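**Student:** Got a predicted structure plus its sequence, pasted below:
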2 protein chains.
Amino acid sequence: MTLSVILCVTAVASEKTDENSAPIFLTEIPQGYRDFGLIAVSRLTRSDGSSQLRAELGNEIALKACREGKFPFPDGAIVAALHWNELSAPDNDKVLAKGFPGAGIQSFVPGSGVNMQFMVKDSKKYAATGGWGFGDFTNGKPGDMKLMNTCFACHVPAKDHDFVFTEYAP
Amino acid sequence: MTLSVILCVTAVASEKTDENSAPIFLTEIPQGYRDFGLIAVSRLTRSDGSSQLRAELGNEIALKACREGKFPFPDGAIVAALHWNELSAPDNDKVLAKGFPGAGIQSFVPGSGVNMQFMVKDSKKYAATGGWGFGDFTNGKPGDMKLMNTCFACHVPAKDHDFVFTEYAP
C-alpha cells in the first residue's frame, strides 16, 4: 500500500508552550525546506476538475527514517509538502509529438503555488499531536485557526507510519 | 513559459573517447542521484490512458544554476529525471473524503518505476551533444542504441536554457 502525504488543511495558531494540553502549530516556515531531499511526488484532483502536482520532501533526519523504514521519526525530522496547480505545457507537447509521433503525449508542469505544509517532529513540544507540529502556509502566511484541529485527527489513519502518509518513492 | 525535463528516450552506447565526432552517452547511473535536490515535478500522459508522475532532481551545481537562472550549466552539473507509473491511492481518498466531504478528491502516488534519465555536463567530453552526456536506464540497465541519436536533437528546442527543459519550480 502506497500512501501520500496528506497533512490535511491545517491552520496555525500562536504557540502555547505553557499549556501541555493545547495543540501547538507551526508559525514559521522551516528554513531550508526547498533544499530538502525527495521523499515522493504525488497528484491530487478534485471533482471541479482542478489538479495539483505535489512534492514531498524531507530533511536528512526524515529521509534517513524513510529510507530505512524506521519509525517513529526521530526528533528533528521535518517533512515538507509543496503543492502547485498543475499547468498544461503545450510547448513541451509539440517537442514530444515530434519525438514520439502518434503517442498523444500531454505534459504538465508546476504552475502557481497552492500552499506548503510541514510536519516538524518534537516528541515533547508537540506531544498532544503525536509528536508532530503541523503547519500550513499560503503565500508564506500561516492560515487561520478554523481547521487547525482537524489536522492531527486526519493523520491518525497513518499511525503505523508515525502519522506520515507519504512513503519513500522507489 | 514553464517547461519540463523531457530528456527524450535515449539509449546508451559504449563510450568512444577516442572519437571526437561520435556522441557519447552515459553507461552508468550517476552516484547519489536519489539524494539530489528538487528542481521540479511533472506529469506526462499518453492517449492510451497511461500517466507518469515525474521528479526532476539536480546535484548542487545544477541546482545553483537553476535557482540563479545562470546558463550554461557549469561542468559537473547533473540533472536526473525519475519517472514512475502513476498509481491511484484509494486509501488516501477515503481519508480525504472525511476531511473534505463533497470535494471528490482523488489522489495518486508513484507506482512502479518506468525509467530514469540523466544529463551530465562536461563541455569537452560531450562537446558533440551540447556539452551534455545523456543516459536512459530501465531497471538499472542502459537501453539499446536504437534511439540514442534522437536525444540531443530532441533537446535542441531548449537551447536557450542550455538544452534542459525543466525550470525550477517556484
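**Tutor:** Now that the structure is in, tell me what you want to look at.

**Student:** Quick check: which element contains the spatially most central residue of chain A?
**Tutor:** The centre of chain A sits closest to A:Ala81, judged by CA atoms, centre = their mean, with a distance of 2.3 Å. Using DSSP states H and E, A:Ala81 sits within strand A:78-88.

**Student:** Heading C-terminal from that strand, find the next helix or strand.
**Tutor:** Counting by DSSP H and E, what follows strand A:78-88 is helix A:90-99.

**Student:** Does the next helix or strand after that next one reach chain B?
**Tutor:** Per DSSP H and E, the first helix or strand lying C-terminal to helix A:90-99 is strand A:106-121. Yes: against chain B, strand A:106-121 shows contacts by CB under 8 Å from any CB of the partner chain at A:106-113. From N, CA and C alone the C-beta is placed, and that goes for glycine too.

**Student:** And strand A:106-121, what's buried?
**Tutor:** A:106-111, A:113-121 (16 or more other CB atoms under 10 Å in any protein chain shown).

**Student:** between the residues you listed, which is closest to B:Asp75?
**Tutor:** A:Val109 (27.0 Å; CB to CB).

**Student:** ok, now how distant is that closest one from B:Asp35?
**Tutor:** To B:Asp35, A:Val109 is 23 Å away according to CB to CB, to the nearest Å.

**Student:** pretty sure the residue nearest to the centre of chain A contacts A:Phe134?
**Tutor:** No: using CB atoms under 8 Å, A:Ala81 is not in contact with A:Phe134, being 10.7 Å away.

**Student:** Strands of chain A, residue ranges please.
**Tutor:** Secondary structure of chain A, counting by DSSP state E: strands at A:37-45, A:51-58, A:78-88, A:106-121, A:132-138, A:141-142.

**Student:** To B:Leu87, which of those strands lies closest?
**Tutor:** strand A:37-45 (9.7 Å).

**Student:** CA atoms only for the closest one - export them in CSV, please.
**Tutor:** Backbone C-alpha positions of strand A:37-45 (Å, rounded to 0.1, in the frame of the first residue of the first chain) are rendered in CSV as follows:
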residue,chain,number,x,y,z
GLY,A,37,15.7,15.7,-0.5
LEU,A,38,12.8,13.9,-2.2
ILE,A,39,10.6,11.5,-0.4
ALA,A,40,8.0,11.2,-3.1
VAL,A,41,5.8,13.0,-5.6
SER,A,42,2.0,12.9,-5.8
ARG,A,43,-1.0,14.3,-7.5
LEU,A,44,-4.5,15.3,-6.3
THR,A,45,-7.6,16.0,-8.3
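
**Student:** how far does that strand sit from the chain's center?
**Tutor:** 8 Å (CA atoms, centre = their mean, to the nearest Å).

**Student:** Determine whether any part of it lies close to chain B.
**Tutor:** Yes: residues of strand A:37-45 contacting chain B under CB under 8 Å from any CB: A:37-38, A:40-45.

**Student:** The residues you listed into TSV, with extra columns for distance to B:Cys151, neighbour count and pLDDT?
**Tutor:** Listed next are these as TSV, based on distance: CB to CB, whole Å; neighbours: other CB atoms under 10 Å in any protein chain shown; pLDDT from 0 to 100:
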residue	distance to B:Cys151	neighbour count	pLDDT
A:Gly37	27	19	98
A:Leu38	24	24	98
A:Ala40	27	27	98
A:Val41	23	28	98
A:Ser42	28	30	98
A:Arg43	27	22	98
A:Leu44	32	23	97
A:Thr45	32	16	97
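
**Student:** Looking at those residues, which two lie furthest apart in space?
**Tutor:** A:Gly37 and A:Thr45 (26.2 Å).

**Student:** and the angle from the strand holding A:Ala81 to strand A:132-138?
**Tutor:** Angle, strand A:78-88 to strand A:132-138, by axes from the mean of the first three to the mean of the last three CA atoms, to 10 degrees: 30 degrees.

**Student:** Partner strands of strand A:78-88, with direction?
**Tutor:** Paired strands of strand A:78-88, with direction, are strand A:51-58 (antiparallel), strand A:106-121 (antiparallel) (DSSP bridges).

**Student:** Can I get these in a markdown table including mean pLDDT and distance to A:Gly140?
**Tutor:** As requested, these are exported to a markdown table (pLDDT from 0 to 100; distance: least, CB to CB, whole Å):
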| stretch | mean pLDDT | distance to A:Gly140 |
| --- | --- | --- |
| strand A:51-58 | 98 | 17 |
| strand A:106-121 | 97 | 8 |
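
**Student:** want to try JSON lines for the ones you listed, with distance to A:Glu28 as columns?
**Tutor:** Converted to JSON lines, these look like this (distance: least, CB to CB, whole Å):
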{"stretch": "strand A:51-58", "distance to A:Glu28": "17"}
{"stretch": "strand A:106-121", "distance to A:Glu28": "10"}
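
**Student:** looking at those strands, which is closest to B:Gly140?
**Tutor:** That would be strand A:51-58 among these, by CB to CB, at 23.8 Å.

**Student:** can you pull the contacts of A:Lys64?
**Tutor:** The contact partners of A:Lys64, taken as CB atoms under 8 Å, 6 or more residues apart in numbering or on different chains, are A:Lys70.
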